[in-house]
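Student: I would like the atomic coordinates for the input below:
(one chain, ligands or ions: 1)
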Amino acid sequence: MRCAFCEQNAQFHDRVTGHFLCPEHARLEVTESDQQRGSLPLTIRRATPADRHVIERLMLYFWGETTVECFDHEYDVPHLPAFLACDDGKVMGLLSYSEEEATLYVVALNVLPQAQGRGGAQALLEAALAEAQARSLARLMVSTTNDDLPALYLYQRFGFRIVEMIPGSLVKHHGREESGFAGIPVRDEIRLELLLTKADSQECFSKRGKNNAVALATEEKIQTNRTGP
Ligand SMILES: CC(C)(COP(=O)(O)OP(=O)(O)OC[C@H]1O[C@@H](n2cnc3c(N)ncnc32)[C@H](O)[C@@H]1OP(=O)(O)O)[C@@H](O)C(=O)NCCC(=O)NCCS
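Tutor: Residues are numbered from 1 along each chain as shown. Got it, this is the predicted structure:
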């Protein structure tokens with residue numbers, strides 16, 4: 001799907017005008033809290049090897065490549081474990097992750113513009129959190145870039161804290177300053193952490209609120225895991 005104003009792939013959906021937008025033509029807008037979500041929530045399932053092509057397509061659509069450089073690693077996303085956000089069976093979003101040394105690293109998180117604003121990203125993060133809890137990991141880490149204000153908003157609303165910034169790492173990776181969200185130069189990798197002590201995850205649940213059925217179902221799973229062996 002193309003941006004309403006240029007030939008780039010759209011990454012965002014303007015909920016007011018209905019336009020689909022590339023990062024450069026997207027802007028932030030302050031709005032009131034507690035807005036009702038208009039559509040049914042997306043459903044979350046684990047990816048299987050049969051989903052590799054759809055994951056490749058999503059990565060190429062959003063980033064033009066299937067590898068991601070973050071956390072000082074280069075990850076081959078189609079070969080990582082993943083959760084998928086689906087609408088009536090159709091894959092609309094992706095969270096890929098890698099588990100290393102008691103940490104679940106979120107390597108990719110994307111929801112197609114036509115399915116945004118339905119709690120898909122939040123539900124994918126809930127699934128990753130449930131996975132980390134079930135495997136008794138110590139923390140979740142996510143990585144984004146300095147320009148990606150929607151992602152920084154989403155992660156901090158979810159309970160992540162900024163713990164590290166790698167200045168200039170994206171300029172080094174791209175060989176130049178690329179234009180990012182709203183035309184902000186893409187320069188730095190920003191890493192955020194969510195510690196998984198019981199107290200931290202309970203605080204994080206109560207802050208986020210319960211936005212949709214998927215989040216609720218996932219949370220029930222987490223509670224079950226907490227009381228498990
Ligand atoms: C960022 C992204 C994953 C959000 O997906 P989504 O399914 O629309 O997010 P949700 O519906 O779960 O919304 C979660 C929260 O983020 C907010 N949010 C989502 N998109 C937003 C946007 N474009 N601008 C501002 N806030 C946004 C929602 O309002 C919600 O917050 P709230 O609970 O306070 O209302 C999606 O826009 C996307 O894939 N963007 C392009 C790729 C990208 O930037 N990925 C992140 C890379 S680190």
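
Student: Mind pulling up the pLDDT for the residue sitting nearest the centre point of the chain?
Tutor: Most central residue of the chain, judged by C-alpha distance to the mean C-alpha position with C-alpha atoms, centre = their mean, is Leu109 at 3.2 Å. As predicted, Leu109 sits at a pLDDT of 98.

Student: Give the burial count for the residue lying closest to it once chain neighbours are set aside, as a bare number.
Tutor: The shortest distance from Leu109 to any non-neighbouring residue, by C-beta to C-beta, 6 or more residues apart in numbering, is to Leu95 (5.0 Å). Placement of C-beta: from N, CA and C, glycine included. Here the number of neighbours of Leu95 (other C-beta atoms under 10 Å) works out to 28.

Student: Surely Leu95 is in a helix?
Tutor: No: assessed with DSSP: H, G, I helix; E, B strand; the rest coil, Leu95 is strand; it does not lie in a helix.

Student: What helices and strands are in contact with the host helix or strand of the residue nearest to the centre of the chain?
Tutor: Secondary-structure element containing Leu109, defined by DSSP states H and E: strand 103-111. The helices and strands touching strand 103-111, judged by 3 or more C-beta pairs under 8 Å, 6 or more residues apart in numbering; DSSP states H and E, are helix 52-63, strand 67-70, strand 90-100, helix 120-134, strand 139-145.

Student: Secondary structure class of Val171, three-state.
Tutor: helix.

Student: which sections of the protein are below the confidence cut-off?
Tutor: 34-38, 198-229 (pLDDT under 70).

Student: quick one, what contacts the residue nearest to the centre of the chain?
Tutor: Each residue near Leu109 by C-beta atoms under 8 Å, 6 or more residues apart in numbering is listed here: 93-96, 121, 124-125, 142, 151.

Student: next one: Val16
Tutor: For Val16, the contact set (C-beta under 8 Å, 6+ apart) comprises Glu29.

Student: circling back to that earlier point, doesn't Leu125 make contact with the residue nearest to Leu109?
Tutor: Yes: proximity of Leu95 to Leu125 meets the contact threshold set by C-beta atoms under 8 Å, at 7.0 Å.
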